[in-house]
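Student: Here is a sequence together with a model predicted from it:
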Amino acid sequence: MDLNSKVTAGLSRLSEVFKILLWEQAKELKLSPIQIQILNFIVYHKQELCNVSYLSREFNVTKPTISDAIRVLVKKEILIKDYSSSDNRSYTLMLSLKGKKIVDQTKNYTNPIKKQLSKVEEEDLKSIYKTVSKLIYQLNRTGVLSVQRTCFGCTFYKEKKEGHYCNLLKSELQDIEIRLDCPEYQETVK
């Protein structure tokens, strides 16, 4: 096999590890993996992104799948629907107190991976991060990945000969400072 095929196979195996860890966490909390992903998304993102349409694109699943997951989370009093817009059919999602406690319980489910990464040389980690951030951006640009919020696709990002620059932060960025999920991300208009 060529190196590209080997890397692809390795990424596939790592994907399986994430699924296994997420399933174990979900079983422990009596939730589904997508429900845990929704909760973790809501806690770290702006409220205007926390709606059915955006979550559907984020997780690459149908709106009915997201709606079903949300319905259960609302029924369990883990999520709250906020109907503060002028359209009473439209809402954003917020965590309840119970939801916040559950998110606290889920934040360490990737620890087995982090533990192994702590044994990797820093230069290798930097190289992996650089490759992953570029790969996410490229997969988004080719239509494989529907949502990405990396610096590369942001209106504030500027590539320079010496590296990267963020016009919002007014700062040079090192490869490891490229964000994969920037809260200030604004998509570049094509």
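Tutor: Looks like it came in fine.

Student: okay, CA-based contacts and neighbour counts for the rest of this
Tutor: Fine.

Student: Show me how the chain divides into domains.
Tutor: For the chain, automatic domain parsing gives the domain ranges 3-111, 120-177.

Student: can you redo those as TSV with distance to residue 188, mean neighbour count and mean pLDDT?
Tutor: Output for the domains of the chain, formatted as TSV (distance: least, Cα to Cα, whole Å; neighbours: other Cα atoms under 10 Å; pLDDT from 0 to 100):
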stretch	distance to residue 188	mean neighbour count	mean pLDDT
domain 3-111	17	15	93
domain 120-177	4	15	91
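
Student: Mind putting these into a markdown table with distance to residue 189?
Tutor: A markdown table is the format used below for the domains of the chain (distance: least, Cα to Cα, whole Å):
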| stretch | distance to residue 189 |
| --- | --- |
| domain 3-111 | 18 |
| domain 120-177 | 7 |
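
Student: out of these, nearest to residue 186?
Tutor: domain 120-177 (5.2 Å; Cα to Cα).

Student: got the end-to-end distance for the closest one?
Tutor: Using Cα to Cα, to the nearest Å, the end-to-end distance of domain 120-177 comes to 19 Å.

Student: hang on, isn't residue 73 packed against residue 79?
Tutor: Yes - applying Cα atoms under 8 Å, one finds residue 73 in contact with residue 79, separated by 5.5 Å.

Student: now the helices for this structure?
Tutor: For the chain, the helices defined by DSSP state H cover 3-29, 33-44, 52-59, 63-75, 97-106, 111-117, 122-141.

Student: Rebuild those as TSV, extending it with distance to residue 171.
Tutor: Converted to TSV, the helices of the chain look like this (distance: least, Cα to Cα, whole Å):
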stretch	distance to residue 171
helix 3-29	32
helix 33-44	23
helix 52-59	28
helix 63-75	38
helix 97-106	33
helix 111-117	28
helix 122-141	18
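
Student: if I pick residue 139, what's in contact with it?
Tutor: Shown in contact with residue 139 (Cα atoms under 8 Å, 6 or more residues apart in numbering): residue 145.

Student: Roughly how far does it sit from residue 126?
Tutor: According to Cα to Cα, residue 139 and residue 126 sit 20 Å apart.

Student: Repeat that for residue 109.
Tutor: As judged by Cα to Cα, residue 109 and residue 126 stand 23 Å apart.

Student: swap in residue 166?
Tutor: In terms of Cα to Cα, residue 166 sits 19 Å off from residue 126.
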